Each structure stands twice: as structure tokens, then as C-alpha cells.
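**Student:** Predicted model and sequence follow; I will ask about them next.
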Amino acid sequence: GSEDATVTPAVRDALDAPVVLGPSNPVTSVGPMLALDGFRAALDDGRVVAVSPFVGDRVFSGPAAKLMDATGHDPSTAGVADTYPFADAFVLDTDDDTDLARPVVRTDTTLDTPADSERVARAVREALDEVA
């Protein structure tokens, strides 16, 4: 149904603010939004930081690796970067040695506790500041 769906004015307004893509599945979580006419263009025009759901070629959890592979994308951090050409910067795990041609902030990207969330949020803020 994406060919009939549109981005609402409220969503367009929200995408004017900095956007953070959490470490979610690029195919099932982000893909449907990117299929909407105008959504990708809004991301191209804005400030976007993405947190990779991979550490190199190892996914944290869920089917992201299988789905990325099934849709013709490299199941890795590099594949996520290729899938998100609109991302201005990335937050990668400290154990991820992927080299990207965009700003990268590295931290432990494990998200099990409130302290983990705070640490990753600080890294996202740093990445946003780098592309301000």
C-alpha cells in the first residue's frame, strides 16, 4: 500500500528536526517508512544519525541479517550504511571496525539497562553535534 500512502504534514514537520534511527531492522522497521513518497527526500534534507544494529557482520538480535541478505543488502554495518545513504553520521559499537566515509562515534551499543541507554544517547548527541 505504500504507493497510495503519503507522508502527512505533521510527519514532514517532525522530519525537519534531527532524526535518530535506532539500532532497528533496516528492512522491517525503517524500510516501510522509506517506501513512502517524500520520506526519503525529507531525510536527505535533514540531519540524520543512525545507530547500527550490527557489530561488523554480527547482528545484535532478530532477523535483520537474514532479511538484509534476502533483499540484496550486505548483512553488516557497511550494508546498513549503504541502505542509509541519507545518514549523516553513525554510532557504531567499539568492537565494530567498519570504516565509513561519514562521521562515526563509537561506544558500547549494548542496550540492556538504563545506563546503556544513556551512554548510547550521549554518543548520538556527539554524532549530531559533529554534523550540525
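**Tutor:** Arrived safely, thanks for sending.
**Student:** So which residue is dead centre in the protein?
**Tutor:** Taking C-alpha atoms, centre = their mean, the centroid of the chain lies closest to A50, which sits 3.1 Å from it.
**Student:** helix, strand or coil for that residue?
**Tutor:** The three-state assignment at A50 reads strand, by DSSP: H, G, I helix; E, B strand; the rest coil.
**Student:** and it, bridged to which residues?
**Tutor:** L21, F90 (DSSP bridges).
**Student:** who's in contact with the lengthiest helix in the chain?
**Tutor:** If you go by DSSP state H, the chain has its longest helix at helix 114-130. Helix 114-130 has contacts (C-beta atoms under 8 Å, 6 or more residues apart in numbering) with 18, 20, 47, 49, 51, 89-91, 103-111. In this view, the C-beta of every residue, glycine as well, is placed from N, C-alpha and C.
**Student:** Weed out the non-buried ones from those.
**Tutor:** 18, 20, 47, 49, 51, 89-91, 103-107, 109 (16 or more other C-beta atoms under 10 Å).
**Student:** between the residues you listed, which is closest to T83?
**Tutor:** F90 (11.7 Å; C-beta to C-beta).
**Student:** Given the helix or strand bottoming out on mean pLDDT in the chain, what are its sheet partners and their directions?
**Tutor:** Sorted by mean pLDDT, DSSP states H and E, the helices and strands of the chain end with strand 58-59, the least confident at a mean of 90. If you go by DSSP bridges, strand 58-59 pairs up with strand 54-55 (antiparallel).
**Student:** How about the contacts made by the residue nearest to the centre of the chain?
**Tutor:** Contacts for A50 (C-beta under 8 Å, 6+ apart) come out as 20-21, 80-81, 84, 87, 89-91.
**Student:** Between which two of those is the distance greatest?
**Tutor:** Farthest pair in those, by C-beta to C-beta: V20 and A81, 15.5 Å.
**Student:** Show me the strands in the chain, by range?
**Tutor:** Using DSSP state E, the strands of the chain run over 19-21, 48-51, 54-55, 58-59, 89-93, 104-107.
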